[in-house]
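S.K.: I'll drop the sequence and a predicted model, then ask my questions.
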Amino acid sequence: MCGIWEVLTVEKVSNKLYRTASVCRKSSETDVRLNLNIDSGDDGTNVSTGCGFMDHMFTLFAFHSGFSLSLAASGDVDVDFHHLCEDIGICLGRAVSQALGDRCGIRRYANISLPMDEALVDIAMDISGRGFIVFNVQLERDKVGDMDTEVVEEFFQAFVRTSGITLHVNLAYGKNTHHIIEAVFKGFGRALGEASRRDLSLTGVPSSKGIVDSVN
């Protein structure tokens, strides 16, 4: 039986420590089940949300982060994709936070400038323990495929709340809405993969305070 939160933070496989998490969240609006391995993409990625464009974006995120992601999500998409996209953000943020554990030895910061054809997106990230977002991305179209484009920001709002990550997403320029959103998710994946990576030259928690948590 899956409770509202069911989380596995770390498991040891073949004498290598993999940072993993599993999250299950079921409400009257959505049902989200997510498995994440932030140390290896070898397990592959399997994403099913009922929205082709959303599946494409989360698959790109997993590939460019170097993570293994299994995501099965369903919900009241007859209303719109708002609840589903937001709750995926809640679950992914929770999974990332749990998988990162005590944050010892991670790089913590990342700054990525990512082009997608005519679009250029800049993303800066700090695994700070303080969930905060600046999202300066103007999208001309209301929908891409079946998905309302306004839910992109809602996903990231939910993600930073539960992950405790500070995230700045700035569109430098671009015209094609599909290209812009794709650049955002690719850049987000690249930045999170970089910031969460272990650095052998670092020891302890990457903070002068000696701790990274919700009040750091």
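M.R.: Great, that's in hand. Numbering: from 1, shown residues only.

S.K.: can you pull up the most central residue in the protein?
M.R.: Per CA atoms, centre = their mean, the C-alpha nearest to the average position across the chain is that of Leu92, at 5.6 Å.

S.K.: looks to me like that one is in a helix.
M.R.: Yes: Leu92 sits within a helix when classified using DSSP: H, G, I helix; E, B strand; the rest coil.

S.K.: and it, how far from Thr162?
M.R.: 8 Å (CB to CB, to the nearest Å). All C-beta spots, glycine's among them, are computed from the backbone N, C-alpha and C.

S.K.: skipping adjacent residues, who's closest to Thr177 in space?
M.R.: Closest residue to Thr177 apart from its sequence neighbours, by CB to CB, 6 or more residues apart in numbering: Arg141 at 4.1 Å.

S.K.: that neighbour in helix, strand or coil?
M.R.: coil.

S.K.: so where is this protein shaky, pLDDT-wise?
M.R.: 1-16, 201-216 (pLDDT under 70).

S.K.: where do the helices sit along it?
M.R.: Remark: helices assigned in the chain by DSSP state H are 52-65, 82-100, 151-163, 177-196.

S.K.: okay, buried residues for the longest one please.
M.R.: Think helix 177-196. Neighbour-count burial for helix 177-196 flags 177-196 (criterion: 16 or more other CB atoms under 10 Å).

S.K.: between helix 151-163 and it, find me the angle.
M.R.: 10 degrees (axes from the mean of the first three to the mean of the last three CA atoms, to 10 degrees).

S.K.: helices or strands up against helix 177-196?
M.R.: With contacts defined as 3 or more CB pairs under 8 Å, 6 or more residues apart in numbering; DSSP states H and E, helix 177-196 has these neighbours: helix 52-65, helix 82-100, strand 109-116, strand 119-126, strand 143-144, helix 151-163, strand 166-173.

S.K.: tell me which residues are up against stretch 44-64.
M.R.: Under the contact criterion CB atoms under 8 Å, 6 or more residues apart in numbering, stretch 44-64 has outside partners 41, 67-75, 77, 81, 84-85, 88, 144-147, 181-182, 185-190, 193.
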